[in-house]
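Q: build me a model from this:
(4 chains)
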Protein chains: 2
Amino acid sequence: MVYGDHVEDRPVFDAASAEPLYMQVADYIEGQVKAGNIARGQRLPSERDMGEYYGVAYQTVRRAMRELRERGLVESVLGKGTFITKK
Amino acid sequence: MVYGDHVEDRPVFDAASAEPLYMQVADYIEGQVKAGNIARGQRLPSERDMGEYYGVAYQTVRRAMRELRERGLVESVLGKGTFITKK
DNA sequence: ATGCATTTGTCCGTATGTATG
DNA sequence: TCATACATACGGACAAATGCA
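A: So this is what the prediction gives:
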């Protein structure tokens, strides 16, 4: 999947929420995977692209990715990208 | 020496290490020279071949060669190859 | 003299990792 | 949180020099 393809509406994240932005992003992506909208083994868009797409900063996406790595949902490979773990 | 001849086990480089990959490669080759496993004046395998052999990208090998040139351990000649300096 | 293969050299694009303000 | 910069790493493409048939 490439951002630009229309798969679902861009989610709206609330910077004023008690829930940190990066957590909202992480939860959203986890939800997309669990809903089957993002396949296992699939590569996510670059962190920079996700930042633009979601309207949040690069570092916020990085925090979200770190969160997802800790949850075991994704794996990041330097120079290649971030991938949804097989299971 | 050609890679394919068995001289020593392929080293395993750790992409997750704090030590950059190119530095690990450079250090390994310097170690091989100092250990006498690679002779002075000898030509190294091509940078592309070393990349395949070591499981790293061509540009990463190039970076390692630059490091070794700066250390004075090797000299590169366009069209010919990279050679271990006499001293 | 003319190709052809080999090798180093250069550049670009993409991506993650780290650090700073 | 955001913006920016730099380092590291990979992949592809092309150029330049060398050597050989």
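Q: which element is the nearest residue to residue A:44 once chain neighbours are set aside on?
A: Spatial nearest neighbour of residue A:44, chain neighbours left out: residue A:82 (4.7 Å); criterion: C-beta to C-beta, 6 or more residues apart in numbering or on different chains. All C-beta spots, glycine's among them, are computed from the backbone N, C-alpha and C. Assigned by DSSP states H and E, residue A:82 falls within strand A:81-84.
Q: give the buried residues for that strand.
A: A:82, A:84 (16 or more other C-beta atoms under 10 Å in any protein chain shown).
Q: hmm, it touching DNA strand D?
A: No: judged by C-beta under 7 Å from any atom of the strand, strand A:81-84 makes no contact with DNA strand D; its nearest approach is 10.3 Å.
Q: quick check, that strand touching DNA strand C?
A: Yes: interface with DNA strand C: strand A:81-84 contributes A:81, A:82 (C-beta under 7 Å from any atom of the strand).
Q: same for that strand, what does it pack against?
A: Packing partners of strand A:81-84 (3 or more C-beta pairs under 8 Å, 6 or more residues apart in numbering or on different chains; DSSP states H and E): strand A:74-77.
Q: against which helices or strands is the strand it packs on packed?
A: Here strand A:74-77 touches helix A:58-71, strand A:81-84, going by 3+ C-beta pairs under 8 Å, 6+ apart.
Q: may I see the buried residues of stretch A:58-68?
A: Neighbour-count burial for stretch A:58-68, counted by 16+ other C-beta under 10 Å, picks out A:60, A:61, A:62, A:63, A:64, A:65, A:67, A:68.
Q: separation between residue A:20 and DNA strand D?
A: Going from residue A:20 to DNA strand D by C-beta to the nearest atom of the strand, to the nearest Å gives 4 Å.
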